[in-house]
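Colleague: Sequence first, then the predicted structure:
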Amino acid sequence: MPKVLISDKMDPNAAAIFRMRGVEVDEITGKTPEELKAIIGQYDGLAIRSSTKVTQEILDAATNLKVVGRAGIGVDNVDIPAASAKGVVVMNTPFGNSITTAEHAIALMFALARQLPEANAQTQQGLWPKNGFMGVEVTGKTLGLIGAGNIGSIVASRALGLKMKVVAFDPFLTPERAVEMGVEKVDLDTLLDRADFITLHTPLTDQTRNILSKENLAKTKKGVRIVNCARGGLVDEAALKAALDSGHVAGAALDVFESEPAKDSPLFGTPNFICTPHLGASTNEAQVNVALQVAEQMADFLVSGGVTNALNMPSLSAEEAPKLKPYMALAEKLGSLIGQLEGDAITAVAVEVEGHAAELNQKPITAAVLAGLMRVYSDTVNMVNAPFLAKERGLDVREVRHDREGDYQTLVRVTVTTANGDKSVAGTLFGHASPRLVELFGIKVEADLDGTMLYIVNQDAPGFIGRLGSTLGEAQVNIGTFHLGRRNQGGEAALLLSVDGAVTEGVLADICKLAGVKTVKLLRFA
Ligand SMILES: NC(=O)C1=CN([C@@H]2O[C@H](COP(=O)(O)OP(=O)(O)OC[C@H]3O[C@@H](n4cnc5c(N)ncnc54)[C@H](O)[C@@H]3O)[C@@H](O)[C@H]2O)C=CC1
Ligand SMILES: O=C(O)C(=O)COP(=O)(O)O
C-alpha cells in the first residue's frame, strides 16, 4: 500500500480521499527540515502547501518518494530540477484556489481605497475618526494587471464588474485573449503610467523579480495603490517603503513577502500599508478544492499511474494509464535491450509507433524507452527523470507516429544512431498485454525479454547450436527459452537465450571461442 505524508495544514478531505483510494496517510505538520529529513524516507508521496520546503536535501533523504503534490498553485517551495533529476513527479492544482485569491486581491484593493483596517482599529479604540478617512471610489478608475493568467483574468472580470477600466501587461497574453477578457493589452511602462491601482499576478521568475523596482515605482502615477497577492519579491519592499513614506504611492497591500513568515518587515507600521499573512488561498471553498484535487491526483498516480497537472512530466489520464502500461513495459524493455547492446555510443534515439500504439499518447512510451535505455548508466533513472537526463547527455530524441498498416496490429520501434550507423529493435504486444521483441537489428526474432539473457551473433552454420548447448550444459547453465533468427541462410544469425543461474566470465569466454561466434553479451531485464 503506498504511503503519503501530509506535511502542511490541509483540509481533512485530503486524508479521507487518500484512505478511500487505498493509500496510507500520515498527517504530521510543522516539522523542521531536520525532522522532515528523518521521516521522509518511509513515504511514496508528500502532500504540501507553501510551508514545507522541498529542497535538494529533503529529496536526497526521500529514498522512496515518487510524487510531491502541491495543494495550491505556486511551486517555488519545491526544487523542481532536483525533483526531476531524482525522478520525482511534482504536481500542483492550478485552478482550485484561483477565485479565492482573486477575491482576496479585490478585497485588499477595497481595503486600500477606504483604509478599512486603520478605520476599524481607530473606531474600536473609541476614537470615532469620521473625518480622518477620506477614501477613493474604484468606479471609473484604471486597474493595471501585471500578469493576466488564471488569477489575473478573474481579477479583471471582477474589476470590469466594478466598472473599472483594466489594462494588462503580460508578454504571453494574446491580443485575442485580451479582447475576450475585455482588457487593453499594454506594455509595462504604459501600465505604470496609467494605472490608479496595480495588482500583481505572476509567478516569481528571473523576469518578474522586482518587477516593481525602485525605478518602476518611480514611473507609476502619483497616488497609485498597489496590491500583491502573488509572490513576495515581485515588489522591491525597501523601495515600496520609501515610496509610501514620500506619499508617491498612496497605499500598498501585501499578502506575500520576500521572506516568509514575515515577522519584522520594515514596512510594518508604515501609514497606508496593510498586509495579510499569505491568506490569498485561505477560504473553505478553496481549501476543500485543492485538498480534494491534490489527493485525487496523487492517488491516481500512486495507485494507477495516472498523471495530472505534473510540472515535470507529460499528463496521462487515469483512463489512459492502464492502456499505456503494457506499452511502457514494452518500450522500457526495448530501450533496455538497445542500451545494453549499444551503450555509450548512442547519439540519437527515434521512437516510432504504428497500429494501436499510434492511437495512444506517445510521450510516456518515449519516456519509458529513454528510462530503459539510460538505466544502463544508473539504476535511479525512471520515466520522470529520463527525458531530462537524455537532454543533459545531448541525446537527440525524435518521435514518429505512423498511420500505415504494418505486419503487426501494434508496433513500437526504437532506432538509435551510433558512430556505426542506425540500429533498430522493434516489439509488439501479444494478447494486448505481453511485450514481445519481434525484430533485432534487422533480424526477425520473437522473444520475451525477461530475467538473464544471452545475446549471441554468429555465422549461420550447421552444428553451432549443438556446440553452444554443450558449452552451457557443461557449465551447468540451464536454458529457459531459446529464440533464433537470421538475416539469410549462411549469413549472420542472432540468438537470444534466457538462462537460469549465473553465467560467469569464463562461460562467456568459452562461448566466444566457439567457431563462427562474432558477439556474446549477457543481458539483464527487470
Ligand atoms: N497569495 C496566495 O495565497 C496565492 C498566490 N498565488 C500566486 O499567484 C500567482 C499567479 O497565479 P496564476 O494566475 O494561477 O498563474 P498563471 O500561470 O495562470 O498566470 C501567471 C501569468 O503571469 C504571466 N507572466 C509570466 N511572466 C511574466 C512577466 N515577466 N511579466 C508579466 N506577466 C508574466 C504569465 O504569462 C501568466 O499569464 C502565482 O505566483 C501563484 O503562486 C496563487 C494562489 C494563492
Ligand atoms: O497556491 C499558491 O500559490 C499559494 O500561494 C497558496 O499558498 P498556501 O497553500 O495558502 O500556503
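Modeller: Structure's in. What do you need? Ligands and ions are numbered 1, 2, ... in the order given.

Colleague: Look up how far M383 lies from A321.
Modeller: 12 Å (Cβ to Cβ, to the nearest Å). Heads up, the C-betas are built off the backbone N, CA and C, glycines and all.

Colleague: how about the nearest residue to whatever residue of the chain ends up closest to ligand 1, chain neighbours excluded?
Modeller: Residue of the chain nearest ligand 1, by Cβ to the nearest ligand atom: G149 (1.9 Å). Once flanking residues are discounted, G149 sits nearest to H201: 6.4 Å by Cβ to Cβ, 6 or more residues apart in numbering.

Colleague: dump the residue contacts of that neighbour.
Modeller: Going by Cβ atoms under 8 Å, 6 or more residues apart in numbering, H201 touches A105, L145, I146, G147, A148, G149, I151, G152, V155, C229, A230.

Colleague: again, but for K323
Modeller: Taking Cβ under 8 Å, 6+ apart as the test, what K323 contacts is L360.

Colleague: Doesn't it lie inside a helix?
Modeller: Yes - with DSSP: H, G, I helix; E, B strand; the rest coil as the criterion, K323 is part of a helix.

Colleague: what about it, distance to L316?
Modeller: Taken as Cβ to Cβ, the spacing of K323 relative to L316 amounts to 10 Å.

Colleague: cool, and S336?
Modeller: 21 Å.

Colleague: and if you look at I106?
Modeller: 37 Å.

Colleague: which of the two has more neighbours?
Modeller: L316 (26 against 20; other Cβ atoms under 10 Å).

Colleague: Chain neighbours aside, what residue packs nearest to V89?
Modeller: In space, V89 is closest to V67, 4.6 Å off (Cβ to Cβ, 6+ apart).

Colleague: and if you look at L311?
Modeller: Counting by Cβ to Cβ, 6+ apart, the residue nearest L311 is V90, at 4.9 Å.

Colleague: So what's the predicted local confidence for the residue of the chain closest to ligand 1?
Modeller: With respect to pLDDT, G149 scores 95.

Colleague: Next: T452.
Modeller: For T452, the predicted pLDDT is 93.

Colleague: Report the secondary structure state of it.
Modeller: strand.

Colleague: Now that it has come up, it's in contact with V503, right?
Modeller: Yes - at 6.8 Å, T452 counts as touching V503 under the criterion of Cβ atoms under 8 Å.

Colleague: where do the contact lists of these two overlap?
Modeller: Residues touching both T452 and V503 (Cβ under 8 Å, 6+ apart) are L522.

Colleague: ok now do the closest residue to ligand 2 within the stretch 201-350 of the chain, which residues does it touch?
Modeller: When scored by Cβ to the nearest ligand atom, the stretch 201-350 of the chain has A281 as its residue closest to ligand 2, at 3.7 Å. Going by Cβ under 8 Å, 6+ apart, A281 touches R49, G72, I73, N97, T100, T101, Q287, V290.

Colleague: ok, and which of those reach ligand 2?
Modeller: Subset of the contacts of A281 in contact with ligand 2: R49, G72, I73, N97, counting by Cβ under 6 Å from any ligand atom.

Colleague: can you list the residues you listed in CSV and add distance to Y408, pLDDT and neighbour count?
Modeller: Output for the ones next to ligand 2 among the contacts of A281, formatted as CSV (distance: Cβ to Cβ, whole Å; pLDDT from 0 to 100; neighbours: other Cβ atoms under 10 Å):
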residue, distance to Y408, pLDDT, neighbour count
R49, 48, 97, 24
G72, 46, 97, 28
I73, 44, 96, 22
N97, 48, 97, 27
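
Colleague: now, which of these sits nearest T32?
Modeller: R49 (16.6 Å; Cβ to Cβ).

Colleague: out of A321 and M383, which sits in the more crowded spot?
Modeller: Between A321 and M383, counting by other Cβ under 10 Å, M383 is the more crowded of the two (26 against 19).

Colleague: For the nearest residue to that one once chain neighbours are set aside, which three-state class applies?
Modeller: Counting by Cβ to Cβ, 6+ apart, the nearest residue to M383 once its immediate chain neighbours are dropped is A367, at 4.3 Å. A367 falls in the helix class when you classify it by three-state DSSP.

Colleague: and A367, what does it touch?
Modeller: Contact analysis of A367 by Cβ under 8 Å, 6+ apart lists M313, P314, M328, M383, V384, A386, P387.

Colleague: for K221, same thing?
Modeller: By Cβ under 8 Å, 6+ apart, K221 lies in contact with L192, D193, R194, A195, D196.

Colleague: Drop anything exposed from those.
Modeller: Among the contacts of K221, those classed as buried by 16 or more other Cβ atoms under 10 Å are L192, R194, A195, D196.

Colleague: is the spatially closest residue to the second one that is not a sequence neighbour in a bridge, and if so with what?
Modeller: In other words, R194. Nearest residue to R194, sequence neighbours excluded (Cβ to Cβ, 6+ apart): T142, at 5.3 Å. Counting by DSSP bridges, T142 forms beta bridges with K165.

Colleague: Touching, T142 and I198? I think so.
Modeller: No - with contact defined as Cβ under 8 Å, T142 does not count as touching I198 (9.5 Å).

Colleague: which of those two has more neighbours?
Modeller: The neighbour comparison of T142 against I198 (other Cβ under 10 Å) goes to I198, with 28 against 20.

Colleague: list the buried ones in stretch 231-249?
Modeller: 231-237, 239-244, 249.

Colleague: Farthest pair within those residues?
Modeller: Farthest-apart pair in the buried residues of stretch 231-249 is R231 and A242; separation 21.1 Å (Cβ to Cβ).

Colleague: could you give the mean pLDDT of the helix or strand encompassing I226?
Modeller: Assigned by DSSP states H and E, I226 belongs to strand 224-228. Strand 224-228 shows a mean pLDDT of 98.

Colleague: cool, stretch 423-432 as well?
Modeller: 91.

Colleague: Low-confidence ranges, the stretch 351-500 of the chain, go.
Modeller: For the stretch 351-500 of the chain, no stretch has pLDDT under 70.

Colleague: Can you show me the strands along it?
Modeller: Along the stretch 351-500 of the chain, the stretches classed as strands by DSSP state E, counting those that start in this stretch are 396-402, 410-418, 421-430, 434-440, 443-447, 451-459, 478-486, 492-500.
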